[in-house]
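*Asks:* Build me a model:
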Amino acid sequence: MSGSFSPRWSRSNHSHEKLGPQEGQNTAKTSTVLASPFQSFCQIVTPLHFQTTYQYPLLVWLHSAGASELQIEQILPHISSRNYVGVGVRATYATDVQGSGFDWQSSQNGVRKACQNIFDAIEMTSRRHSIHPDRIILAGLGSGATMACRVAMQHPNAFAGVIRMSGRLETAGCGLGKFNQLRQRRLPMLWQQAMDGVDDDSAQLRRDITTAQWLQAQVEIRQYPGNDVVNTAALKDIDRWCFDKIVTPSPATDSSTAADTVNIELIQGSELKMVEFSAN
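*Replies:* Next up, the predicted model:
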């Protein structure tokens, strides 16, 4: 993905924050932990005014190519500084000799290792913090978004929803039994695309939509102007989508046909601003 991330992020409250604990003593904290022996690290981020008695939604973040598990520290505050516990998971192989950047392997063994690291990270975070077991959300950016889709396709009942910022939908490794399970699950998914992004192929998106319709997944596609999906509007949309679909969902409506499962929206906003990341 394009852009460079800034290591600074605001811990001030946002006026339009949604539901969540309103009082507490602790401020946001991060901790680096080993997901499992000899495997990759994960980074846990706790929200502002963290309350030990509140069962938080857990946002599991898979970073983009060349980044690391630390990307969660820069992403989560732009989504919400109060509503989620977050855990960033490091990808399975290094992209530089210094070992500061990582990426996801698309091989069968690479997906298996990614699944193991993700579930290890969820288990470790759940031991340390109060997590709602039915509100675990898998999200990713770029190659991390593609991996998030791969993992969710293989373990559809493990997650309340999947968020894909760029990336693509991959169903490799799913047998007929898994496809039937996916059709029954009707997994909620949010796909976010940049209209002019180099990673956002319209032909590939059409193929992904066809697959999603066949799986009867509940997909919302939001397209943003510009060449980079990492912007303030897209990140705030994640918070709104999580609450609307997972945390406080409205009563289910009858969507009996696959054609009703995919909604596409073009976001036009004068207040849309790009979010810049550091190289770390």
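*Asks:* Would you give the sheet partners of the biggest strand by length in the chain, along with the direction of each?
*Replies:* In the chain, with assignment by DSSP state E, the single longest strand is strand 131-141. Applying DSSP bridges, strand 131-141 is found paired with strand 56-62 (parallel), strand 161-165 (parallel).
*Asks:* If the closest residue in space to residue 152 that isn't next to it in sequence is in a bridge, with which residues?
*Replies:* Nearest residue to residue 152 in three dimensions, chain neighbours excluded: residue 162, at 4.5 Å (C-beta to C-beta, 6 or more residues apart in numbering). Any C-beta I mention is one placed from the backbone N, CA and C, and that applies to glycine too. Taking DSSP bridges as the rule, residue 162 bridges to residue 138, residue 189.
*Asks:* contacting residues for residue 162?
*Replies:* If you count contacts by C-beta atoms under 8 Å, 6 or more residues apart in numbering, residue 162 has them with 137-139, 148-149, 152, 187-190.
*Asks:* average pLDDT for stretch 133-140?
*Replies:* Averaged across stretch 133-140, pLDDT comes to 97.
*Asks:* now do stretch 82-89
*Replies:* Stretch 82-89 comes out at a mean pLDDT of 96.
*Asks:* Would you mind listing the buried residues in that stretch?
*Replies:* For stretch 82-89, burial by neighbour count (16 or more other C-beta atoms under 10 Å) applies to 82-89.
*Asks:* sorry, back to before: what's the offset of the longest strand of the chain from the middle of its chain?
*Replies:* Here strand 131-141 shows a centroid-to-chain-centroid distance of 8 Å under the convention C-alpha atoms, centre = their mean, to the nearest Å.
*Asks:* Tell me which helix or strand comes right after that strand.
*Replies:* helix 143-154 (DSSP states H and E).
*Asks:* Show me how far the host helix or strand of residue 184 is from its chain's centre.
*Replies:* For residue 184, the element it lies in under DSSP H and E is helix 176-185. Taking the mean of its C-alpha atoms, helix 176-185 sits 22 Å from the chain's own mean (C-alpha atoms, centre = their mean).
*Asks:* Alpha carbons of that helix, as CSV, please.
*Replies:* The C-alpha coordinates for helix 176-185 follow below in CSV (Å, rounded to 0.1, in the frame of the first residue of the first chain):
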residue,chain,number,x,y,z
LEU,A,176,-17.3,-28.6,-0.5
GLY,A,177,-18.1,-29.2,3.1
LYS,A,178,-16.5,-25.8,4.0
PHE,A,179,-18.4,-24.1,1.2
ASN,A,180,-21.7,-25.4,2.6
GLN,A,181,-20.7,-24.2,6.1
LEU,A,182,-19.9,-20.8,4.7
ARG,A,183,-23.3,-20.6,3.0
GLN,A,184,-25.0,-21.4,6.3
ARG,A,185,-22.8,-18.9,8.2
